[in-house]
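Colleague: Sharing a sequence plus its predicted fold:
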Amino acid sequence: MTIEMPPGRTPAQPRAAHRFDGHRADAPWSLALCALESSLRRSGVETTLNGQIGAVDAVLRDTTGATPARTQRTVLRPHRGRLWWWLRVPSEDARAPYLTPLAPAAEPVAAARRIHGLLTARRD
C-alpha cells in the first residue's frame, strides 16, 4: 500500500478550505452563513449564527409551550473541493454519523428547507 503525503508546508486540502481557519471574515464563508441564516428565518425558524466556528443553530419553538424547543446545528465545511452545509447529528441518534453532508453552501434555500423539515419531523 502506498500513501502519498503532500510535500512539507503544503496544505492537505485546497487553499480555499484553509482560509476559514485563518481568516474568519472571508467573504464566501460569511456570505454562506448569512444566506442560510436568512433562509431559515424566512421559514419561521429562529437562528443563532456563530461566525467563529462557521455554524448556524436553528431553533424551532412550540408556541403552545407543550414541547421543548428543537435545535439543529449546521456547520459550513469543505466537501470535495466545495463548501457544503453539514448537519451535526445529536449523539443519541446512533444511526447517523456525527456530521452528515446536507447541501452545497450555494443552495441555502434547499438546506433551510431540509433543516426545517428535520425540526418539524422531530416534533411529531
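Modeller: Now that the structure is in, tell me what you want to look at.
Colleague: quick one: the helices in the chain?
Modeller: Assigned by DSSP state H, the helices in the chain fall at 15-22, 27-42, 108-123.
Colleague: Can you check which strand is longest in this structure?
Modeller: In the chain, assigned by DSSP state E, the strand with the most residues is strand 70-79.
Colleague: Between helix 27-42 and that one, find me the angle.
Modeller: Here strand 70-79 points in a direction 150 degrees away from that of helix 27-42 (axes from the mean of the first three to the mean of the last three Cα atoms, to 10 degrees).
Colleague: shaky segments in the protein?
Modeller: 1-26, 64-67, 90-97, 122-124 (pLDDT under 70).
Colleague: pull the CA atoms of stretch 43-53 into PDB?
Modeller: Output of stretch 43-53 as PDB, limited to C-alpha atoms (Å, rounded to 0.1, in the frame of the first residue of the first chain):
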ATOM      1  CA  SER A  43     -39.200  29.700   7.000                       C
ATOM      2  CA  GLY A  44     -40.100  30.700  10.600                       C
ATOM      3  CA  VAL A  45     -37.200  29.300  12.400                       C
ATOM      4  CA  GLU A  46     -35.100  31.300  15.000                       C
ATOM      5  CA  THR A  47     -31.400  31.300  14.400                       C
ATOM      6  CA  THR A  48     -28.100  31.900  16.100                       C
ATOM      7  CA  LEU A  49     -25.100  32.500  13.900                       C
ATOM      8  CA  ASN A  50     -21.600  31.600  15.100                       C
ATOM      9  CA  GLY A  51     -19.000  33.000  12.700                       C
ATOM     10  CA  GLN A  52     -16.100  31.800  14.800                       C
ATOM     11  CA  ILE A  53     -16.800  28.100  14.000                       C
END
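Colleague: buried stuff in that stretch?
Modeller: Buried residues in stretch 43-53, counted by 16 or more other Cβ atoms under 10 Å: 43, 45, 47, 49. The way it works is simple: take the backbone N, C-alpha and C, and place the C-beta from them, glycine included.
Colleague: Also stretch 56-74?
Modeller: In terms of neighbour count (16+ other Cβ under 10 Å), stretch 56-74 has its buried residues at 56-58, 60, 70-74.
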